[in-house]
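Peer 1: attaching a predicted model along with its sequence, questions to come.
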Amino acid sequence: MSEKKQPTKILDVKDLKVSFKTYAGEIQAVRGVSFDLYKGEVLAIVGESGCGKSVTAQTIMRLVPSPPSFIKEGSITFDNKSDITKLSERAMEKIRGSEMGMIFQDPMTSLNPTMTIGKQIAEGLIKHQGLNKEQAAERSVEMLRLVGISNPEGRIKQYPHELSGGMRQRIMIAIALACSPKLLIADEPTTALDVTIQAQIIELMQKLQEKTETAIILITHDLGVVADMAQRVVVMYAGKIVEEGSVDDIFYNPKHPYTWGLLKSVPRLDLEHKSDLVPIPGTPPDLFAPPKGCAFAARCPYAMDICLQQDPDKFEVTNQHKAACWLLHPDAPAVEPPVGKGGKVHA
Amino acid sequence: MPDNILEVRGLKKHFDLGKGALKAVDGLNFEIRRGETLGLVGESGCGKSTVGKTLIRLYEPTEGEIVFNGKSVSKMNAKEQREFTRNMQMVFQDPYASLNPRMTVGDIIAEGIDIHGLYKGKKRKERVLQLLADVGLNPEHAGRFPHEFSGGQRQRIGIARALAIEPQFIIADEPISALDVSVQAQVINLFQNLQKQHGLTYLFIAHDLAMVKHISDRIGVMYLGKLVELTTSEELYANPLHPYTQSLLSAIPIPDPDVERTRERIILEGEVPSPLNPPSGCPFRTRCPHAMQVCAETMPPMKEIKPGHITACHLY
């Protein structure tokens, strides 16, 4: 990360481990995740269901109920405050909604159906910025205009059920950004939307980010959205980061076999030829009892003996591109990566 | 046997809501050729799933004719109807809701076999095991219950059930949208292999255009209950004619940062109008960047602009 261009570090997550206690045992949802985030940056966390991407993000905001979840290890430094994992719930309430905002996947269920849109936006403004009702209502109208909702004076009196999915997601964005947070976590913000509406929402988020320089953590499984929005990418598998780098590193020079697998299993709309999809065989491991070695080894076509024995370290490809794979060890056999520039898939 | 396994003429499905009719499907004409995969795409509420459910007669069509293997479905006698239901099967979107949780996988797969009395006893068991093997599951899975399986495995069970009575034609309604990316590819490859092995014809309904392009020979695009464009999948992506198809294609983000940096996107204004109160004339005119006077007056007819490329737009 070039310190000159982006001097302000907003977030520093170090060796975060989050588990859930259940009757059947302990689910190790996040197993040692470290990353950082700078002002004005979009960092995408990609991975499949159950890889721990949402738990990681929700832990930053402390939204995972505890119990059953608990932070086993690790620290989160936010905006140069000391470790926020140690903060009390009351102290977290001050940060949440004012300095950190969140957009959830499902705009149908994440708004309060019994409150008007205006009240829901004003709630945070009154609580965190000490505005009175009139000021908050005025600011709510401004926010609605900012997220591209027509007739905002009328809309603030409406209830969520009177709005479409795309509009509700715009409201969510307005609520999340109302107090100008330093960090915005967007958890699958467009997954529930149709593609033409998705395009509108992505455009809106990009425009707002240019204006506000909010740092965004974008959680998604859609590699197209990642290529469109993110500058840096973290690929997660079974609760760990397997690869991280710039979007160009991840799409054009990926090093981890799981990243290769992800890129090979999505069809490309823009390519003339139809290449066969290459699925990743099998399913992710059981996080009640994660494997001793590399969690991906059982599904990896390149797995070696050591992969089953010992979890690989992170190897540096460049100073910002790292991958946790034994293939990058100097003694490992050379493997020709099956994906190359422009999404071309080699046999 | 005729070249077209299925012909649809003037198909309408309206739902009476008391305060007016919801025109979910409003006058569709198309045919599906034997052995091909026809993709049907469009956004939520465009009526694509209703088309599938009406074709398989889960809904009674309001108007129009469905011709299967050269015979009009509404004129079939009881025996022909049985034959028809055996030849057309469906794979559903939600692998969690579409399998009976109280039946074993073996019984779920064999339900059609039992109803049609195809195999009994040892033969039935052999057939179930064969089907499990065909879709990449193990023999011991026959005795288990649906909750013991992952989403991808459940979708394989759904496919095995559809295959059990050796249909000619399968309607797949969003069969992969509930699955993870790496598992989607597994299921799509399974669909394609089964098509080769059994000479199946598919109607593949989905909103993921990249996946539909990958699996389909031809693609139909729907908007607000109407078919707006129909052509081969290569032609549709290389040369989309209808303004809705053009914007739909440009809205999809491509997993390639360089492409995304340079791409011009057509971003549609507003949202899909309510099907309860659709716009006059062409349903897309309220969001169309090229809308003209005539678009508000009449619905453009489906016209063949180039051989094999049909669209309904006043621009052509």
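Peer 2: Everything's here; your move.
Peer 1: so which bits of the stretch 201-316 of chain B are right by chain A?
Peer 2: Taking Cβ under 8 Å from any Cβ of the partner chain as the measure of proximity, the stretch 201-316 of chain B contacts chain A at B:207, B:209-211, B:213-214, B:234, B:237-238, B:247-260, B:265, B:267-268, B:271-272. No exception for glycine: its C-beta is placed from N, CA and C like everyone else's.
Peer 1: just the buried ones among these, please.
Peer 2: Buried by 16 or more other Cβ atoms under 10 Å in any protein chain shown: B:207, B:209-211, B:213-214, B:237, B:247-257, B:259-260, B:268, B:271-272, out of those.
Peer 1: show me what stretch A:280-298 is in contact with.
Peer 2: Here stretch A:280-298 makes contact (Cβ atoms under 8 Å, 6 or more residues apart in numbering or on different chains) with A:24-29, A:31, A:48, A:50-51, A:237-240, A:242, A:256-258, A:261-262, A:265, A:299-300, A:303, A:306-312, A:324-326, B:150, B:152, B:182-183, B:185-186.
Peer 1: kindly recompute the last result at 7 Å.
Peer 2: For stretch A:280-298, the external contacting residues (Cβ atoms under 7 Å, 6 or more residues apart in numbering or on different chains) are A:24-25, A:27-29, A:31, A:48, A:50, A:237-240, A:242, A:257-258, A:261, A:265, A:299, A:303, A:307-312, B:150, B:182.
Peer 1: strands along chain A, start to end?
Peer 2: Taking DSSP state E as the criterion, chain A carries its strands at A:9-22, A:25-38, A:42-46, A:69-78, A:100-103, A:183-187, A:215-220, A:232-237, A:240-246, A:315-316, A:322-323.
Peer 1: check which helices and strands the second one is in contact with.
Peer 2: The criterion is 3 or more Cβ pairs under 7 Å, 6 or more residues apart in numbering or on different chains; DSSP states H and E, and the helices and strands that strand A:25-38 contacts are strand A:9-22, helix A:53-60, strand A:215-220, strand A:240-246.
Peer 1: now for the ones you listed, which one comes closest to A:K127?
Peer 2: Proximity to A:K127 (Cβ to Cβ) singles out helix A:53-60 among the helices and strands packed on strand A:25-38, at 20.1 Å.
Peer 1: re the thing from before, want to throw the strands of chain A into CSV with mean pLDDT and mean neighbour count?
Peer 2: Converted to CSV, the strands of chain A look like this (pLDDT from 0 to 100; neighbours: other Cβ atoms under 10 Å in any protein chain shown):
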stretch, mean pLDDT, mean neighbour count
strand A:9-22, 92, 19
strand A:25-38, 92, 19
strand A:42-46, 95, 24
strand A:69-78, 90, 18
strand A:100-103, 91, 24
strand A:183-187, 93, 24
strand A:215-220, 93, 25
strand A:232-237, 95, 25
strand A:240-246, 95, 24
strand A:315-316, 92, 14
strand A:322-323, 94, 24
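Peer 1: shaky segments in chain B?
Peer 2: Low-confidence regions of chain B, defined here as pLDDT under 70, do not occur.
Peer 1: show me how it divides into domains.
Peer 2: Domain ranges of chain B: B:4-216, B:241-316, per automatic domain parsing.
Peer 1: out of these, flag the one nearest A:P68.
Peer 2: Closest among the domains of chain B, using Cβ to Cβ: domain B:4-216, at 21.0 Å.
Peer 1: ok so, going back, could the helices and strands packed on strand A:25-38 go into TSV alongside distance to chain B?
Peer 2: Output for the helices and strands packed on strand A:25-38, formatted as TSV (distance: least, Cβ to the nearest Cβ, whole Å):
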stretch	distance to chain B
strand A:9-22	17
helix A:53-60	12
strand A:215-220	10
strand A:240-246	9
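Peer 1: need the ones you listed in TSV with distance to A:S69, can you?
Peer 2: Output for the helices and strands packed on strand A:25-38, formatted as TSV (distance: least, Cβ to Cβ, whole Å):
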stretch	distance to A:S69
strand A:9-22	5
helix A:53-60	8
strand A:215-220	17
strand A:240-246	17
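Peer 1: relative to B:D107, which of the ones you listed is closest?
Peer 2: Nearest of the helices and strands packed on strand A:25-38 (Cβ to Cβ): strand A:9-22, 30.8 Å.
Peer 1: quick check: angle from that closest one to strand A:69-78?
Peer 2: If you take axes from the mean of the first three to the mean of the last three Cα atoms, to 10 degrees, strand A:9-22 sits at 180 degrees to strand A:69-78.
Peer 1: note down every partner strand of strand A:9-22 and its orientation.
Peer 2: Sheet pairing here is set by DSSP bridges, and for strand A:9-22 it gives strand A:25-38 (antiparallel), strand A:69-78 (antiparallel).
Peer 1: to A:S150, which of those lies closest?
Peer 2: strand A:25-38 (33.6 Å).
Peer 1: CA atoms of the closest one as PDB?
Peer 2: Below are the C-alpha coordinates for strand A:25-38, written out as PDB (Å, rounded to 0.1, in the frame of the first residue of the first chain):
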ATOM      1  CA  GLY A  25     -19.500 -27.600  19.500                       C
ATOM      2  CA  GLU A  26     -17.600 -24.500  18.500                       C
ATOM      3  CA  ILE A  27     -18.000 -23.200  14.900                       C
ATOM      4  CA  GLN A  28     -14.800 -21.400  13.900                       C
ATOM      5  CA  ALA A  29     -16.400 -18.900  11.500                       C
ATOM      6  CA  VAL A  30     -13.400 -16.500  11.200                       C
ATOM      7  CA  ARG A  31     -10.000 -18.100  11.800                       C
ATOM      8  CA  GLY A  32      -7.300 -15.400  11.800                       C
ATOM      9  CA  VAL A  33      -8.100 -12.500   9.400                       C
ATOM     10  CA  SER A  34      -5.900  -9.500   9.000                       C
ATOM     11  CA  PHE A  35      -6.400  -6.600   6.700                       C
ATOM     12  CA  ASP A  36      -6.400  -2.800   6.600                       C
ATOM     13  CA  LEU A  37      -8.400  -0.100   4.900                       C
ATOM     14  CA  TYR A  38      -7.500   3.500   3.900                       C
END
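Peer 1: picking up where we left off before, any chance of the strands of chain A in JSON lines, plus distance to B:K122?
Peer 2: Formatted as JSON lines, those follow (distance: least, Cβ to Cβ, whole Å):
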{"stretch": "strand A:9-22", "distance to B:K122": "43"}
{"stretch": "strand A:25-38", "distance to B:K122": "42"}
{"stretch": "strand A:42-46", "distance to B:K122": "49"}
{"stretch": "strand A:69-78", "distance to B:K122": "51"}
{"stretch": "strand A:100-103", "distance to B:K122": "57"}
{"stretch": "strand A:183-187", "distance to B:K122": "52"}
{"stretch": "strand A:215-220", "distance to B:K122": "50"}
{"stretch": "strand A:232-237", "distance to B:K122": "44"}
{"stretch": "strand A:240-246", "distance to B:K122": "48"}
{"stretch": "strand A:315-316", "distance to B:K122": "56"}
{"stretch": "strand A:322-323", "distance to B:K122": "53"}
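Peer 1: give the closest residue to B:K19 in space, chain neighbours not counted.
Peer 2: Once flanking residues are discounted, B:K19 sits nearest to B:L276: 7.8 Å by Cβ to Cβ, 6 or more residues apart in numbering or on different chains.
Peer 1: what helix or strand is the one you found on?
Peer 2: Taking DSSP states H and E as the definition, one finds B:L276 inside no helix or strand.
Peer 1: neighbours of it, how many?
Peer 2: 12 (other Cβ atoms under 10 Å in any protein chain shown).
Peer 1: and for the one 4 residues further on?
Peer 2: Other residues near B:S280 come to 12 when the count uses other Cβ under 10 Å.
Peer 1: check contacts around residue 15.
Peer 2: Just going to use chain A. The contact partners of A:D15, by Cβ under 7 Å, 6+ apart, come to A:G32, A:S34, A:E73, A:G74.
Peer 1: the intended chain is chain B.
Peer 2: Residues near B:F15 by Cβ under 7 Å, 6+ apart: B:A21, B:L22, B:A24.
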